[in-house]
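Peer 1: Predicted model and sequence below, questions to follow.
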Amino acid sequence: MTQPFEVQSYVAGATRKGCAITLAPMTPKAAKELGGACADMGPWNRYGIDATALTATFAVPSGGGAFRYQIEVEGTLVGVLIVLHPWLVGPYVQFLAVLPSWQGQHVGQAVLHWFETQARANKQRNIWLCVTGFNASARAFYEAQGWQEAATIPNLVQSGVDEVMLRKQLF
Ligand SMILES: CC(C)(COP(=O)(O)OP(=O)(O)OC[C@H]1O[C@@H](n2cnc3c(N)ncnc32)[C@H](O)[C@@H]1OP(=O)(O)O)[C@@H](O)C(=O)NCCC(=O)NCCS
């Protein structure tokens, strides 16, 4: 059985209009562009997590159980995915963002489906992620993809704000 999330490029499905969605190992240039864009988006702007911090997170080379991908649609940078594996009897989505002008085009759905397919192919029992309690839109998105609440973690990132741990049991 091959290891999931190897550092290589993947085709992760297609947009609503049928354009190919690709996951590719994160480059320093993409890390900077995506760091700047994500700092202007919720939930990170509400937390005050700035472009420098996000760029630094994205720019670390994949390895040691953390896999960082830039999401592209036919060569255009549209988002970021970071996966931790192994994690808790299955892999964990540490970061998922689709840039605002690409949201609603089925990019997030295709990327999550790719993540689940990788995990299933490797007989992983669970897949995991955390969503911020106030991020109602993302919570509705994950619910629509079949994820379920597993735990609420108060004060994880900021006092007075819950993070909600979501799980999909695969086997
Ligand atoms: C949340 C996010 C990843 C979703 O990705 P996306 O590409 O915009 O979503 P998709 O187009 O793939 O949505 C697929 C399906 O999920 C459902 N869905 C998506 N957003 C929804 C919402 N706000 N309410 C209800 N259902 C929703 C719909 O069924 C949708 O399919 P449809 O439009 O054909 O009905 C993306 O919007 C994003 O990056 N948001 C900002 C950052 C963020 O919150 N990241 C998550 C941090 S945990």
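Peer 2: Sure, I can see it.

Peer 1: residues contacting the residue in the chain that the ligand sits nearest to?
Peer 2: Taking C-beta to the nearest ligand atom, the ligand has its nearest neighbour within the chain at Gly108, 2.2 Å off. All C-beta atoms are positioned from the backbone trio N, CA, C, and that covers glycine. The neighbours of Gly108, taking C-beta atoms under 8 Å, 6 or more residues apart in numbering as the test, are Gly79, Leu96, Val98, Phe141.

Peer 1: do the same with Phe95
Peer 2: Thr57, Phe58, Val80, Leu81, Ile82.

Peer 1: Is the residue nearest the centre of the chain bridged to anything, and to what?
Peer 2: Nearest to the geometric centre of the chain sits Leu96, at 2.4 Å (C-alpha atoms, centre = their mean). Note on Leu96: beta-bridge partners Leu81, judged by DSSP bridges.

Peer 1: Isn't it up against Val111?
Peer 2: Yes. With contact defined as C-beta atoms under 8 Å, Leu96 reaches Val111; the gap is 6.7 Å.

Peer 1: Which helix or which strand is home to Ala56?
Peer 2: Ala56 belongs to helix 51-59 when assigned by DSSP states H and E.

Peer 1: Packing partners of that helix?
Peer 2: With contacts taken as 3 or more C-beta pairs under 8 Å, 6 or more residues apart in numbering; DSSP states H and E, helix 51-59 sits against helix 28-39, strand 76-84.

Peer 1: give me that answer again for 10 Å
Peer 2: helix 28-39, helix 44-47, strand 66-73, strand 76-84, strand 92-98 (3 or more C-beta pairs under 10 Å, 6 or more residues apart in numbering; DSSP states H and E).

Peer 1: Can you name the residues of the protein that neighbour the ligand?
Peer 2: Applying C-beta under 6 Å from any ligand atom, we find that the chain lies next to the ligand at 41, 43, 96-98, 103-109, 131, 135, 137-138, 140-141, 144.
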